[in-house]
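S.K.: Have a look; sequence and predicted model below, questions after that.
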Amino acid sequence: MSKLDWKKELGFLYEASAKKASLVDVPELGFLMIDGHGNPNTEPRFRDAVEALYGLSYTLKFEIKLADPEQDYKVMPLEAVWWMADGSAFNMDDRKRWCWTLMIGQPEAVTPARIKRAREDLKKRRSSPLLDEVRYERWREGFAAQVLHVGPYDAEGPTLDLLRAFIEEQGKTRRGKHHEIYLSDPRRCAPEKLKTILRNPVE
C-alpha cells in the first residue's frame, strides 16, 4: 500500500524553480510549531526544537497508521519562518538577532486529542526538553512569492536578491516573515546540493 504524500498533493507549494520565482496562494494548513531566537548554528534550542518537532511528527504518523493503515502518510519537510528581533528587515548576517518559528505541516487526520496522546507516548520512550512547548496551529500565509535555492544555507543571498527583484517586477511589496522550506536533509546531502524553497508573503 502506497503512503499518502502530502508534499505531492500540495505540489505547487513544495515545488519551485531555481531560475525563476513564482507567485502562490498558500491556503490554511495545520502545523506543529515551536519558537526560538538566536543563531541556529550555535543555539542549542534550535537543535532541541528540531528534535521535538520530528519526534512528535513521527509518533503521530505511526499512531495514525496503526489506527487506520489507509491513512499512512509521509512526514512533511521541516519549515521555518525568520524575522529580526527589533522588527527591521530580515538580515542574513546578523544571526544573533534572528527570531524563528520551526514547523512541520500535518495532515487533517492530526487532531488535538491525537497530539496529546502522541506527546504522552513520546515522553515515555524518549522525552525531549522542548516537547511540551510544541503547539498545533492553523496558519494561512496567503499570497507569496517563492523560488528554489540550491546550495548552502549561508549562500542564499543571490537567490534572495532574485526573489526580491521578482516581487518588485510584479508590482508587489513584501510583508510578513521570511519563510524557508527544507527539502533536503543536511545530514545526508552535500552542502552544494541542498534544496531550499525561499518564500516571502506579498501584498
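M.R.: The structure has been received and is ready for your questions.
S.K.: Return the distance of the most centrally placed residue in the chain relative to Ile115.
M.R.: The chain has Glu79 as the residue nearest its centroid, 1.0 Å off, counting by C-alpha atoms, centre = their mean. Using C-beta to C-beta, to the nearest Å, we find Glu79 at a distance of 18 Å from Ile115. No exception for glycine: its C-beta is placed from N, CA and C like everyone else's.
S.K.: Ok, Lys8 next?
M.R.: Distance from Lys8 to Ile115, by C-beta to C-beta: 24 Å.
S.K.: Settle it for me: which of the two has more neighbours?
M.R.: Ile115 (18 against 10; other C-beta atoms under 10 Å).
S.K.: Secondary structure element holding the more buried one?
M.R.: Using DSSP states H and E, Ile115 falls within helix 112-126.
S.K.: Rounded mean pLDDT for whichever helix or strand comes after that helix, please.
M.R.: For helix 112-126, the succeeding helix or strand toward the C-terminus, using DSSP H and E, is strand 135-150. Regarding strand 135-150, the rounded mean pLDDT is 97.
S.K.: where does this protein dip in pLDDT?
M.R.: 1-2, 4, 6-7 (pLDDT under 70).
S.K.: Which parts of it are helices?
M.R.: 6-9, 11-14, 44-67, 112-126, 157-169 (DSSP state H).
S.K.: Of those helices, which is nearest Lys74?
M.R.: Judged by C-beta to C-beta, the one of the helices of the chain that comes nearest to Lys74 is helix 6-9, at 6.9 Å.
S.K.: Would you indicate which residues of stretch 67-78 are buried?
M.R.: 72-73, 75-78 (16 or more other C-beta atoms under 10 Å).
S.K.: so who does Lys195 touch?
M.R.: Residues near Lys195 by C-beta atoms under 8 Å, 6 or more residues apart in numbering: 148-150, 183-184.
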